[in-house]
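**Q** Predicted structure and sequence below. I'll ask about it afterward.
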Amino acid sequence: MKVNWTGFSKKNPAERLQMLKEKGLLQDEHWQLLDSQQTLPLETANQMSENVLATLALPYSLVPDFLVDGKSYQVPFVTEEPSVVAAASFAAKIIKRSGGFETEVHKRQMIGQIALYQVDNADRAIKDILMKKKELLEQANQAYPSIVARGGGARDLWLEPKEDFLIFYLSVDTQEAMGANMLNTMLEAITLPLKDLTGGKSLMAILSNYATDSLVTARCVIGYRFLSRDTAEAELLADKMQLASKLAQVDPYRAATHNKGIFNGIDALVLATGNDWRAVEAGAHAYASREGSYRGLSTWTADPDKRQLHGQMTLPMPIATKGGSIGLNPAVAASFDLLGQPQAKELASLIVSVGLAQNFAALKALVSTGIQAGHMKLQAKSLALQAGAQGEEIAAVASCLTVKKTFNLATAQEILADLRKQDK
Ligand code: NDP
């Protein structure tokens with residue numbers, strides 16, 4: 001069904017949920033759950049972690065109509081930062097008009113490692129282990145038979161001597177799971193045979209979050225006409241965005257902020273789907289440093305002849321649709337409902353596309369109006385709320401604040417006090 005999203009941002013939360021239900025984008029049970037505002041019962045939270053006291057809620061928003069590989073997605077975003085959802089919605093709209101995102105899942109396996117040390121003859125140990133490759137892969141699989149039954153399992157192993165260590169790597173097809181516990185179980189099961197084969201000791205056996213066997217690429221091509229109606233301004237913007245992309249390649253101070261902007265979107269969706277966002281962040285930041293210095297994850301290239309701006313980003317995306325807390329948190333089930341129950345590869349493609357979209361919005365704002373123009377309006381609303389404004393006062397205080405020279409909480413409090421005096 002084609003949905004008209006115009007005015008979605010102007011509705012209140014109950015109206016937005018109602019619209020999603022009416023358009024068949026949210027099942028009744030999930031609509032009820034989100035509408036009830038009781039998305040995580042304390043009893044469930046108490047099972048998910050330890051020493052639980054309460055739950056901490058965050059805004060759960062929607063970025064509509066994200067076009068990836070020809071399919072439209074309604075994307076749940078969990079974020080506390082003002083302007084992230086607005087920026088993603090803006091980028092999603094522009095990129096959809098330009099044809100959307102195209103993605104490529106290069107592979108989907110997780111890597112784990114066993115750090116061996118005090119191995120007297122590393123070359124000999126490597127040869128001996130590689131001779132037993134088939135048996136070792138079988139032993140790993142026997143330690144976690146259910147993933148083999150699901151079509152996954154241990155796929156490859158290799159070794160690298162690094163200073164004091166001989167490091168053993170195992171690559172596993174974890175199917176729909178992220179696979180930390182799977183890998184750890186398999187690795188621990190083959191630690192003893194490895195110690196026997198090498199005569200060395202094992203320091204640790206653990207999954208690596210540097211998921212280079214789970215790389216995903218997202219690309220988009222944006223016509224200059226979507227950057228600005230003014231031809232010269234559109235050209236200038238494309239040139240500046242290309243330059244901004246280069247800046248993030250040469251300066252780690254900029255690269256860190258460039259990538260943080262990408263993670264504004266990625267983390268919001270990773271959180272909404274109940275995935276381990278620390279794992280995704282750790283892998284991506286390691287990948288950003290793969291050439292020896294920390295760089296921007298995305299690149300933007302202007303093609304003045306075709307009047308097109310090309311965006312591209314590749315990063316590890318070890319995302320899951322099963323396992324961990326995914327089946328426990330009821331709001332996560334609502335997220336998967338909104339997303340149309342994607343498989344892990346499809347979800348990974350969407351997440352990388354979301355990161356690229358967020359980056360597009362940030363760079364466009366930075367090289368044109370500056371980031372504060374969009375931020376200040378929303379920041380003013382936050383300050384009004386912090387000052388204690390309620391109902392209609394919020395918009396009134398925010399609007400007065402945006403024209404003041406000092407833009408802070410004290411000014412917001414003064415404006416609110418004046419407003420309340422006038423109303424008496
Ligand atoms: P789980 O231990 O939850 O294992 C995956 C579960 O999903 C299994 O119970 C599996 O069932 C089930 N499952 C159902 N359908 C499928 C399917 N189609 N494909 C795959 N699995 C399926 O999770 P992971 O091993 O993925 O580990 C992730 C968790 O580990 C996260 O909570 C993470 O935070 C945590 N963690 C992360 C670490 C890190 O990142 N370094 C380290 C340690 C833990 P069955 O057993 O029947 O196959």
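**A** Cool, the structure landed.

**Q** Just the pLDDT for the residue most central in space within the chain.
**A** Geometric centre of the chain, nearest residue: residue 266, 2.1 Å, by C-alpha atoms, centre = their mean. Looking at residue 266, its pLDDT stands at 98.

**Q** and residue 161, what does it touch?
**A** Applying C-beta atoms under 8 Å, 6 or more residues apart in numbering, we find residue 161 in contact with 122, 126, 167. All C-beta spots, glycine's among them, are computed from the backbone N, C-alpha and C.

**Q** who touches the lowest-mean-pLDDT helix or strand in the chain?
**A** For the chain, using mean pLDDT, DSSP states H and E, the weakest element among its helices and strands is helix 371-387, scoring a mean of 77. With contact meaning C-beta under 8 Å, 6+ apart, helix 371-387 is reached by 82-83, 86-87, 362, 365, 393-395, 397-399, 401-402, 407-409, 411-413, 415-416.

**Q** So which of these are in strands?
**A** Using DSSP state E, no member of the contacts of helix 371-387 falls in strands.

**Q** So which residues on the stretch 51-200 of the chain come close to the ligand?
**A** The interface of the stretch 51-200 of the chain toward the ligand, taken as C-beta under 6 Å from any ligand atom, is made up of 146, 147, 150, 175, 176, 177, 178, 179, 180, 181, 182.

**Q** what number of residues lie near the fifth one?
**A** Okay, so that is residue 176. By the criterion of other C-beta atoms under 10 Å, residue 176 has 20 neighbours.

**Q** what comes up buried for stretch 302-320?
**A** Residues 302, 307-320 are the ones in stretch 302-320 that count as buried (16 or more other C-beta atoms under 10 Å).

**Q** So which of these is the closest to the ligand?
**A** Taking C-beta to the nearest ligand atom as the measure, the ligand lies nearest residue 320 of the buried residues of stretch 302-320, at 5.5 Å.

**Q** What strand or helix carries the closest one?
**A** Using DSSP states H and E, residue 320 sits in no helix or strand.

**Q** so where do the strands sit in the stretch 51-200 of the chain?
**A** Counting by DSSP state E, counting those that start in this stretch, the stretch 51-200 of the chain has strands at residues 60-68, 71-78, 101-105, 110-117, 153-162, 165-173.

**Q** Put together TSV for those, with mean pLDDT on each row.
**A** As requested, the strands of the stretch 51-200 of the chain are exported to TSV (pLDDT from 0 to 100):
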stretch	mean pLDDT
strand 60-68	97
strand 71-78	98
strand 101-105	98
strand 110-117	98
strand 153-162	98
strand 165-173	98
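
**Q** will you turn those into TSV that also has distance to residue 29?
**A** Below are these laid out as TSV (distance: least, C-beta to C-beta, whole Å):
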stretch	distance to residue 29
strand 60-68	16
strand 71-78	16
strand 101-105	30
strand 110-117	32
strand 153-162	35
strand 165-173	32
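
**Q** mind listing what the nearest residue to residue 226 once chain neighbours are set aside touches?
**A** Nearest residue to residue 226, sequence neighbours excluded (C-beta to C-beta, 6 or more residues apart in numbering): residue 94, at 4.9 Å. Applying C-beta under 8 Å, 6+ apart to residue 94 gives the contacts 222, 226, 360.

**Q** go on, residue 65?
**A** Residue 65 touches 3, 5, 72, 73, 74, 92, 93, 96, counting by C-beta under 8 Å, 6+ apart.

**Q** re the thing from before, which one of the contacts of residue 94 is nearest residue 248?
**A** Proximity of the contacts of residue 94 to residue 248 was ranked by C-beta to C-beta; the top entry is residue 360 with 13.1 Å.

**Q** Looking at the contacts of residue 65, state which has the most neighbours.
**A** Neighbour counts for those peak at residue 92, which has 29 neighbours (criterion: other C-beta under 10 Å).

**Q** correct me, but that residue touches residue 357?
**A** Yes - Residue 92 lies in contact with residue 357 (C-beta atoms under 8 Å); the separation is 5.7 Å.

**Q** Now the common contact residues for these two.
**A** residue 66.

**Q** Got the confidence number for residue 123?
**A** Confidence at residue 123, expressed as pLDDT, is 97.

**Q** if I look at it, how far off is residue 160?
**A** 12 Å (C-beta to C-beta, to the nearest Å).

**Q** is it true that residue 235 touches residue 308?
**A** No - look at residue 235 against residue 308 with C-beta under 8 Å: they stay out of range, at 11.4 Å.

**Q** Indicate whether stretch 206-218 makes contact with the ligand.
**A** Yes - counting by C-beta under 6 Å from any ligand atom, the ligand has neighbours in stretch 206-218: 207, 209.

**Q** Can you pull out the low-pLDDT segments for the chain?
**A** 1, 370-375 (pLDDT under 70).

**Q** Which residue is the nearest non-sequential neighbour of residue 307?
**A** Nearest residue to residue 307, sequence neighbours excluded (C-beta to C-beta, 6+ apart): residue 224, at 4.1 Å.

**Q** Specify the angle between the helix or strand hosting residue 332 and strand 71-78 in degrees.
**A** Residue 332 is part of helix 330-338 when elements are defined by DSSP H and E. Helix 330-338 runs at 160 degrees relative to strand 71-78, counting by axes from the mean of the first three to the mean of the last three C-alpha atoms, to 10 degrees.

**Q** which helices and strands sit right next to helix 330-338?
**A** When contacts are defined as 3 or more C-beta pairs under 8 Å, 6 or more residues apart in numbering; DSSP states H and E, helix 330-338 sits against helix 28-36, strand 71-78, helix 252-272.

**Q** Compare the ones you listed and report which one is nearest to residue 106.
**A** Here helix 252-272 is closest among the helices and strands packed on helix 330-338 (C-beta to C-beta), at 17.6 Å.

**Q** and that closest one, anywhere near the ligand?
**A** No - looking at helix 252-272 against the ligand by C-beta under 6 Å from any ligand atom, there are no contacts, and the closest approach is 11.4 Å.

**Q** from the chain's centre, how far out does the helix or strand just after that helix sit?
**A** As assigned by DSSP H and E, the chain's next helix or strand after helix 252-272 is helix 277-288. Centroid separation between helix 277-288 and its chain, computed with C-alpha atoms, centre = their mean, to the nearest Å, is 10 Å.

**Q** got the CA coordinates for helix 277-288 in CSV?
**A** Below are the C-alpha coordinates for helix 277-288, written out as CSV (Å, rounded to 0.1, in the frame of the first residue of the first chain):
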residue,chain,number,x,y,z
TRP,A,277,25.4,-1.6,19.8
ARG,A,278,28.8,-1.7,21.6
ALA,A,279,29.7,-4.6,19.3
VAL,A,280,28.7,-2.7,16.2
GLU,A,281,30.5,0.4,17.3
ALA,A,282,33.7,-1.4,18.3
GLY,A,283,33.9,-3.2,14.9
ALA,A,284,33.2,-0.1,12.9
HIS,A,285,35.7,2.1,14.7
ALA,A,286,38.4,-0.6,14.3
TYR,A,287,37.5,-0.8,10.6
ALA,A,288,37.8,3.0,10.3
